[in-house]
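J.: model the structure of this input:
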Amino acid sequence: MSDCWEHSDRVVCTHPGWVALYGWAKVSASYFAIFSGPSRQQLILTDPHVTRNGDTAWVVIDENLLGPAMGHTVSALNLFVRADDGWKLLAHHASSVLAGR
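T.: Predicted structure coming up:
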């Protein structure tokens, strides 16, 4: 996950139900907490839509989370910028999808 992100104070991440997290330190800590939780989760990505405009690109995608006692979908928007070392994630915003939608 770390390799995907730009490591700067300008990154922002909003997980479903969370307030926005600003800066690489807070964003990386949030993913560490999620990935080191007590249950293993499987993530299946579906319905990607990619748009590129110069050195900026965005991906809208559904993230289907499967765990031992639950399953749900979030719709996510990911904003990427091209850097010297490739494309880096600058912003991620995910919102829970209501059942039946």
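J.: from the chain's centre, how far out does the helix or strand encompassing Leu45 sit?
T.: Per DSSP states H and E, Leu45 falls inside strand 42-53. Chain-centre distance of strand 42-53: 11 Å, with C-alpha atoms, centre = their mean, to the nearest Å.
J.: pull out the buried residues from the helix or strand just after it.
T.: Sequence-wise, the next helix or strand downstream of strand 42-53 (DSSP H and E) is strand 56-66. By 16 or more other C-beta atoms under 10 Å, the buried positions in strand 56-66 come out as 57, 59, 61-65. For glycine as for every other residue, the C-beta is placed from the backbone atoms N, C-alpha and C.
J.: helix, strand, or coil at the residue nearest to Val74 when sequence neighbours are not counted?
T.: Nearest residue to Val74, sequence neighbours excluded (C-beta to C-beta, 6 or more residues apart in numbering): Ala94, at 4.4 Å. Following DSSP: H, G, I helix; E, B strand; the rest coil, Ala94 is assigned to strand.
J.: tell me which residues form a beta bridge with Ala94?
T.: Judged by DSSP bridges, the bridge partners of Ala94 are Ala76.
J.: can you check Val81 too?
T.: Applying DSSP bridges, one finds that Val81 bridges with Thr56, Lys88.
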